[in-house]
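> Sequence isn't available, so here's the structure alone:
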């Protein structure tokens, strides 16, 4: 944060030196200014100081008149030996706040400069609380070098028809990247359709992708257009593509290569023209090795891969995003809440396993809890920002000779407890989809 500025217009160097020794001035950027120079008035218009102390009986009368005619919105304090001076009286009537007589009272000036600094800090914090200083590219926010690299890659590929594979941890903003690609492409006026591949059972996802005819299966009471039809001429975003059933991936590959497909329950061949953007929070290479992703499908989807960095690698973007989310909450709720120094330090040091999504939700929660100042307690982040578990602490406790099903149950429940109930994070650590985790938990409750 920049320091507030004080101008000392004091030709008497001994008095100026005494003023500079006042402790409160250490919080200011103190500048010596002379009215007999040619640049003081342009400087005053360009960037007025927060306060100005002028030795009024030692400057030219015309300069004092000019100062008051161009009076900035700052604290103007006059200093003199005390002889009657009509120009000083006029300056006081025009808005100068103090007229000090020599010798100076250090205690009085100390209190006044402390008050000025406190007022400046309150105004600066309030302004910061309603302002975002992050660069924006499409729907993405960030000024860090790694994000600017992502922006360059999006710009290069956006206006082509190349398939894009976005790889990044959960909560990084993969759908925002896909949406930004769409907004910067020539398909911008056409549909953008997004689907989470892990949100549907293997029985339903084929219908969701390709559609079905009435009566194609139990419950198909009317015909349905799949997302390949809905996204015709637009962009189709396939999130968590590595969670798609392996047997369906061959059909998806055929559509990507030929643009042709059929609805379930129909032999009619339909044609679609879509730009496909896929995303995964897994390593594609590991997914291929584990049999979760067809290698030929990966190469078709990843004509242009984009790796999205996790929040912990984005440097100053972490605090920038926190301020951005707070500024938007303040604007929406007409408040001026702000982060304490301790809260900002906690935000900087936290590892953010849930990435930008976790940060956004945490800031919104803290905004609700705080009256004015958001502290570390409102954030709910303790001092142990990077916990290190010993092998014993990290180990799962499985009963001896337990059946395989019980071992699986204990692994899931203990992992969920270790993740403090965060099902998305637990599913990632277990290497299963979030839908599979929910199904397992539902089974354990029955």
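Looks like it came in fine. Computed from a prediction, not measured in an experiment: that's the story for all the values here.

> In the protein, where is pLDDT below threshold?
1, 121-131, 202-203, 382-404, 420, 435, 445-446 (pLDDT under 70).

> per the record, what domains does it have?
The record assigns the chain these domain ranges, following automatic domain parsing: 5-129, 150-308, 312-379, 391-445.

> Any chance of JSON lines for those domains, columns mean neighbour count and distance to residue 141?
(Glycine included, C-beta is placed from N, CA and C.) JSON lines is the format used below for those (neighbours: other C-beta atoms under 10 Å; distance: least, C-beta to C-beta, whole Å):
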{"stretch": "domain 5-129", "mean neighbour count": "16", "distance to residue 141": "16"}
{"stretch": "domain 150-308", "mean neighbour count": "18", "distance to residue 141": "9"}
{"stretch": "domain 312-379", "mean neighbour count": "18", "distance to residue 141": "6"}
{"stretch": "domain 391-445", "mean neighbour count": "13", "distance to residue 141": "22"}
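
> For residue 137, which of the ones you listed is the nearest?
Proximity to residue 137 (C-beta to C-beta) singles out domain 150-308 among those, at 4.3 Å.

> end-to-end on the closest one?
7 Å (C-alpha to C-alpha, to the nearest Å).

> Check stretch 272-282 too.
28 Å.

> gap between it and the chain center?
24 Å (C-alpha atoms, centre = their mean, to the nearest Å).

> next one: stretch 11-26
Offset of stretch 11-26 from its chain centre (C-alpha atoms, centre = their mean): 43 Å.

> quick one: contacts of that stretch?
6, 8, 10, 30, 32, 34, 53, 55, 58-59, 79, 102, 104, 106, 109-111, 113-114, 117 (C-beta atoms under 8 Å, 6 or more residues apart in numbering).

> Which parts of the stretch 51-200 of the chain are helices?
For the stretch 51-200 of the chain, the helices defined by DSSP state H, counting those that start in this stretch occupy 61-69, 86-93, 106-129, 145-157, 174-183.

> just the angle between the last one and helix 145-157, please?
In other words, helix 174-183. With axes from the mean of the first three to the mean of the last three C-alpha atoms, to 10 degrees applied, the angle from helix 174-183 to helix 145-157 works out at 40 degrees.

> And helix 174-183, what does it pack against?
strand 140-141, helix 145-157, strand 164-167, strand 192-196, strand 235-239, strand 275-280 (3 or more C-beta pairs under 8 Å, 6 or more residues apart in numbering; DSSP states H and E).

> strands paired with the shortest one, and their directions?
As defined by DSSP bridges, the strand partners of strand 140-141 come to strand 136-137 (antiparallel).

> chain center to the partner strand: distance?
Relative to the chain's own centre, strand 136-137 is displaced by 11 Å; criterion: C-alpha atoms, centre = their mean.

> With stretch 231-249 instead?
27 Å.

> What of stretch 405-416?
With C-alpha atoms, centre = their mean, you get 35 Å for stretch 405-416.

> one step back: any chance of JSON lines for the helices of the stretch 51-200 of the chain, columns distance to residue 44?
As requested, the helices of the stretch 51-200 of the chain are exported to JSON lines (distance: least, C-beta to C-beta, whole Å):
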{"stretch": "helix 61-69", "distance to residue 44": "8"}
{"stretch": "helix 86-93", "distance to residue 44": "15"}
{"stretch": "helix 106-129", "distance to residue 44": "17"}
{"stretch": "helix 145-157", "distance to residue 44": "37"}
{"stretch": "helix 174-183", "distance to residue 44": "43"}
